[in-house]
Structures are given as C-alpha cells and as structure tokens.
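Student: quick one, structure for this:
(2 chains)
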Amino acid sequence: MVLEACSKSSDATPTTTSDATTTGTTTTTGSCVVTPTEVEGPYPYPGGESTNPLFRSDVTGGQTGVPLTLSFIVVNTNSNCNVVTSARVDIWHCNKDGYYSGYGSQTGGTSGLATSYIGETWLRGYQTTDSAGIAKFITIFPGWYQGRATHIHMEVFVGGVLKKTAQVAFDKATADTVHTSSLYKAHGINTTLNASDGIFGNSATDLANETLVLTGNITDGYVGTYTIGIAL
Amino acid sequence: MALALIKLTYKHVIDALAQADFERNIFHASYQEFKMKSQAYNLNGEMHTFTEMKAKDGRANSMHYKISFSALHFLIPLNKKIPALTDTLGKQLEYDSAVFELIESDTTQIKAHRVGIKFITGTYVLHQIIGNNLVLSAEDVLNEGGVFTETFTLTMQPNMAVTSYREISKQVAPNVLNNSFNNN
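Tutor: Take a look at the predicted model:
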C-alpha cells in the first residue's frame, strides 16, 4: 500500500507502508503525518447491541421437565479458592427424552428412532459469573440416552480462553425418582450407571467431585450449587 | 404452464472487507466466538485454521452450529429481505430462513475469517426459463387457465442456486379429443 504524506509542496515524496505501520514525511511548507493504521476493533456497529440469544439464565426454551436450578461458583484453585468473576460458563444437555437441540439423526432417546432437532436451541446457554463468582441457570432435569449416564456438559472461559471442559453427574436416587416420574417415565431409569459410564467411570474420586448435590422434589423441582475449580 | 415449485438459496459471504453494519457485526461476533469455541478442538493450540481443525477431527464441524448463535440475531434488521439479491426490476427477494456457515478462520489473524449466510426463500412457482432468467411467481398465485399470473424475473447469478424442486404434474389431454368426432 502506498500512502502519500499530505503536503503543500509539489515535490513531496510518496511513502510506502505496510498495513500495520506508519511513516510520515514532512516538507518545509506544511507538515503532517500519515495516521497509523490499526486493525479495526470489534463491534458494535449500529445494531451491535443485539445479543447472542444463548446468553440467558433460563435455558428451558419451552422444554417440559422437572425444574432444575443450578448455581455454578467458579473458583481459582491457585488463589485460595477465591471466586472468579466475569468467567463465561456454557452449559448444554439433552431434554427429558434424551435428545439434544441442534442435531439430526439422534438415536438412543425415548422413541428409539433417529430423531432430528436441527434448528432448535433449547437447553443451551451461557452466563458470566457475577461478583460472587456465580453463574445461575434455570433449566430442567436432563433425561438420558443410550450408553451414557445422566449428565450436563459445561465449558468455562476466562478472558476468552477455555479453562475447563467438564461434565456433571447426578446421584442415582434422585435421577431414578425423576426418570420414573410422569414426564420422563416413557424412557424409564437410565440403563447406564455412573460407575459404568465411559466418562464418569474411570475415577471414583473424580466422579464424587463431579456429582451434583441437589435438594427438592418432583413437584417443586430441584436446586443445587456446584463449585467449578479452575487453575488460573 | 408452470414447470415446477422451487426454493432458492442465496449465499452471502462476509469477510474482512465487508462494509454494511450487519455484516461487520456478524464478522466480528462470529470471529470472537470462533476463537472461543475452537479451543475445544485445538487443546494444545497447535492449529490455527478451521480447515486444519476439521481435517484433524470432523466434529469440529459442530462449529457451524455453535457459532451461528453469535451471528444470526444480527439479521433481524434485514426484515426478512435478502441483501444484495434483486430481481431484474431491482426488487429484493424475501427469505424464510437463514443458515450460518463458517467458511474459514484463523485464530491468529482476523483477516482470514470468512463466513457465509445462506438465505433460503419460500416456495416459488417456476413458470419459464428464458436464457439465464427464471420467470417466477409466489406459490399462492399458481393458477391454470387463461388468467394472467403476476410474475417476476430473476437472473441466475453466482452464489445462487435452486435448492428445492418439485415438478408440477403436466396435464395430459384425454385421447378422445385427438380423434375426430363422427356424428352419424
């Protein structure tokens, strides 16, 4: 890219620059410098204040199920377990029948048939942790699909960097109570136990740390808090 | 006579040179989301481009879906009109749905980031093809007989395709009309 220094002199010399640097030349009769070129920053341009629809606490998206309210506290294990604020926590999980939004050809759910929910967005969302390090989600108790213990997926980002990919599990007593209740009973009790699960089953200690502690009941729903420890 | 019912898809590419507000919003938001969500497929940070990540693990294709949420809501100001696609008289076409596609990106340089929005129309009646042009009408004005149908004309162009097609069964004249009538 060739840039010319602004100049009143007829013998001003053009200068050559690259995208990210600047040069200027001056003349005796008037001088100015070429403004540095910097990369365009992020939005918002007009309309940019519109937000990502997944940025939401209530992720139910119309899905029916036993209510589940989860508060995730993100803490820094390298700093006295102090809370981490402004961390982004993404969660996603299957619906009461064992199907995920957004994907086609899913087998292993209640119907036993390849089922598609392409274009749907339910049971997915993210929040940023508040001053108490908490990201709270309003969702439903997950169902289950063939081959996996009941679980919720999560990712944690700090400053745009992925710091944790994890899954949380449910204790069998609570999960069985939910999965035999009216909305879930068509699929029944999960055939995969936590200890037999390919992901949860390889460490009993890890499984204990990954299991949610919930209070509540079918009618009122369940509530729990889970601490996500990350090493920053 | 109408040939077929069709739907069209127009792919609108957005890259670093895009100028319109909705394009820049989509460009920047989807790039930030790519930088975040791609980390799950690039755990040791060795790779930079989407192409590399897909080659290593096909599940990286989930990023078309995952990143779409950061972009599609910026289409709302378009009011369901496809930008930059007009019929031969300059009128914009409307779209029914929009699908996001991550074409390429690079965690180290935003200049390589390139996304596509595939705008999919509703159903049109394809009446005729004249050279490179489609003569179309909205489906609900399909009619037979001698009545004039309101149509518009659209030139086939790059980034546009007929993506859904259903032939309209042709009426066949009954054989009895082909024989002369003998009135004895």
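Student: who touches stretch B:69-86?
Tutor: Outside stretch B:69-86, the residues that touch it by CB atoms under 8 Å, 6 or more residues apart in numbering or on different chains are A:47-48, A:50-54, A:121, B:10, B:12, B:20-22, B:25-26, B:29-30, B:32-33, B:92-96, B:98, B:100, B:115, B:117, B:119, B:121, B:157, B:160. For glycine as for every other residue, the C-beta is placed from the backbone atoms N, C-alpha and C.
Student: repeat the analysis, applying 6 Å as the threshold.
Tutor: Residues outside stretch B:69-86 that contact it (CB atoms under 6 Å, 6 or more residues apart in numbering or on different chains) are A:47, A:50, A:52-54, B:10, B:22, B:25-26, B:29-30, B:33, B:92-95, B:98, B:100, B:119.
Student: any idea how far the residue sitting nearest the centre point of chain A is from chain B?
Tutor: Centroid-nearest residue in chain A, with CA atoms, centre = their mean: residue A:90, separated by 1.7 Å. Relative to chain B, residue A:90 is positioned 9 Å away (CB to the nearest CB, to the nearest Å).
Student: circling back: restricted to helices, list the contacts of stretch B:69-86.
Tutor: Secondary structure defined by DSSP state H assigns B:22, B:25, B:26, B:29, B:30, B:33 of those to helices.
Student: so the second one touches residue A:45, yeah?
Tutor: Translated: residue B:25. Yes - contact criterion CB atoms under 6 Å: residue B:25 and residue A:45 qualify, at 5.5 Å.
Student: give me every residue that touches residue 65.
Tutor: As the question left the chain open, I've gone with chain A. Counting by CB under 6 Å, 6+ apart, residue A:65 makes contact with A:96, A:140, A:141, A:183.
Student: I was thinking of chain B, sorry if that wasn't clear
Tutor: residue A:102.
Student: could you give the mean pLDDT of the one helix or strand it maps to?
Tutor: Residue B:65 is part of helix B:62-72 when elements are defined by DSSP states H and E. Average pLDDT, helix B:62-72: 94.
Student: tell me the first helix or strand C-terminal of that helix.
Tutor: Once helix B:62-72 ends, the next helix or strand along the chain (criterion: DSSP H and E) is strand B:81-86.
Student: quick check, nearest of the ones in helices among the contacts of stretch B:69-86 to chain A?
Tutor: When the ones in helices among the contacts of stretch B:69-86 are compared for distance to chain A (CB to the nearest CB), residue B:25 wins out at 4.8 Å.
Student: the residue lying closest to the closest one once chain neighbours are set aside: neighbouring residues, count only.
Tutor: Spatial nearest neighbour of residue B:25, chain neighbours left out: residue B:74 (4.3 Å); criterion: CB to CB, 6 or more residues apart in numbering or on different chains. Using other CB atoms under 10 Å in any protein chain shown, residue B:74 is surrounded by 26 other residues.
Student: what's the separation between residue B:74 and residue B:116?
Tutor: For residue B:74, the distance to residue B:116 equals 14 Å [CB to CB, to the nearest Å].
Student: with just CA atoms, put the helix holding residue B:65 into CSV.
Tutor: These are the backbone C-alpha positions of helix B:62-72, laid out as CSV (Å, rounded to 0.1, in the frame of the first residue of the first chain):
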residue,chain,number,x,y,z
SER,B,62,-20.1,-28.6,15.1
MET,B,63,-18.8,-25.0,15.0
HIS,B,64,-21.1,-24.1,12.1
TYR,B,65,-23.9,-24.7,14.6
LYS,B,66,-22.2,-23.4,17.7
ILE,B,67,-21.0,-20.1,16.2
SER,B,68,-24.3,-19.5,14.4
PHE,B,69,-26.0,-18.2,17.6
SER,B,70,-23.5,-15.3,17.8
ALA,B,71,-24.3,-14.2,14.3
LEU,B,72,-27.9,-14.9,13.2
